[in-house]
Every structure is written in C-alpha cells, then in structure tokens.
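Engineer: Generate a structure from the sequence data that follows.
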Amino acid sequence: MRVSTRGDYAARALLSLTLHTEAAPTSVREIAERTALPQPYLEQILLALKGAGIVRSKRGVGGGYVLAREPRDILLSEIVRAVDGPITAGDFGEPHTDGACDHEGQCVLLAIWGAAGTHMREFLNSYSLADIAGMTRGEAPWPTTADD
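Structural biologist: Presented below is the predicted three-dimensional model:
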C-alpha cells in the first residue's frame, strides 16, 4: 500500500491543527502557510475530512477549521481512509470468491495481499494525532524502521 499525496497532506494539515490548538478556528490560508501545502488542494482535502467528521468548519470572518474530536481520538488510519479510501494492499478481491482461485497460486497470493493490508491498517491504527504531535514536540520517540 502506498499513502497518496492526499493522505500525507491530510495528516500534515491535521497535525498543524493539533500543534496550534487556539480557541479560534484556523483558516485554510494559515494552515497552508504553516505546512507549505498548496491552498486549493488543501481546501479539497479539508472538505473530505469535514465529511468524515474529523474537522468542523466555521464560515465568515474569523472562520476556519478546528478538530471535531480530541487529537487522541483521531487515528492516522482514519485520516488516510477519509481521503484515500480503504487501506488495502491492492484491489484483488477475496480468496475463493468470483473465481478468484481459478489460476495457479492465486489464492495464496490473495491471502498474502489481504494480510499485508491488515498489517498496514493495524500499524496506522497505532498512531493518533496526539501521538504524532508528541513525537513532533520531542516528547515521545519517533517510530523506527526495521533494517532489511
């Protein structure tokens, strides 16, 4: 699975809202300036996040976006799903459905791709916005990568 630019931008925008938790809503322009993200694209992303119930918006003077829930209650997996759709390793279907095992080894590979998607979802479920903000502030260790 590959996290899209949209998923990365969504996480960066929400992290910015988390790190700057003023009482007033934050404008798209301000988020774009803090994150160096393109404002028109960011507006589309924030609308998708609003539709998923992750942010709320206020219109007019002093308007902008705020998190709809506490940062500890917003998981990285939820952010990615809101803008990219389901977290899977591919769009291959399930083993033993619609003739999925008609070819040599296909069922084994479908099971492996399914397991890879499950691992990715579990990994992204293990990080909340609060966790990521803590890492950003130096209050928690960064994730480590396994050497191949």
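Engineer: and the host helix or strand of L110, what does it pack onto?
Structural biologist: Counting by DSSP states H and E, the element that carries L110 is helix 106-125. Counting by 3 or more CB pairs under 8 Å, 6 or more residues apart in numbering; DSSP states H and E, the packing neighbours recorded for helix 106-125 are helix 76-84. Yep, even glycine has a C-beta here, placed from its N, CA and C like the rest.
Engineer: for the helix holding L110, which positions count as buried?
Structural biologist: For helix 106-125, burial by neighbour count (16 or more other CB atoms under 10 Å) applies to 110, 113-114, 117, 120-121, 124.
Engineer: what's the following helix or strand after it?
Structural biologist: Following helix 106-125 in sequence, per DSSP H and E, is helix 129-136.
Engineer: same for that following helix, what does it pack against?
Structural biologist: The helices and strands touching helix 129-136, judged by 3+ CB pairs under 8 Å, 6+ apart, are helix 5-19, helix 76-84.
Engineer: Can I get the ones you listed in TSV including mean neighbour count and distance to Q39?
Structural biologist: What follows is the helices and strands packed on helix 129-136, written out as TSV (neighbours: other CB atoms under 10 Å; distance: least, CB to CB, whole Å):
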stretch	mean neighbour count	distance to Q39
helix 5-19	20	11
helix 76-84	21	16
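Engineer: so which of those gets nearest Y65?
Structural biologist: Among the helices and strands packed on helix 129-136, helix 5-19 comes nearest to Y65, with 6.5 Å by CB to CB.
Engineer: Just the CA trace of the helix or strand just after the closest one, in PDB.
Structural biologist: Proceeding N to C from helix 5-19, the next assigned helix or strand is helix 28-35, under DSSP H and E. The C-alpha coordinates for helix 28-35 follow below in PDB (Å, rounded to 0.1, in the frame of the first residue of the first chain):
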ATOM      1  CA  VAL A  28      -7.100  27.300   5.200                       C
ATOM      2  CA  ARG A  29      -4.600  30.100   4.300                       C
ATOM      3  CA  GLU A  30      -2.900  29.900   7.700                       C
ATOM      4  CA  ILE A  31      -2.700  26.100   7.500                       C
ATOM      5  CA  ALA A  32      -1.300  26.300   4.000                       C
ATOM      6  CA  GLU A  33       1.300  28.800   5.100                       C
ATOM      7  CA  ARG A  34       2.400  26.700   8.200                       C
ATOM      8  CA  THR A  35       2.600  23.500   6.200                       C
END
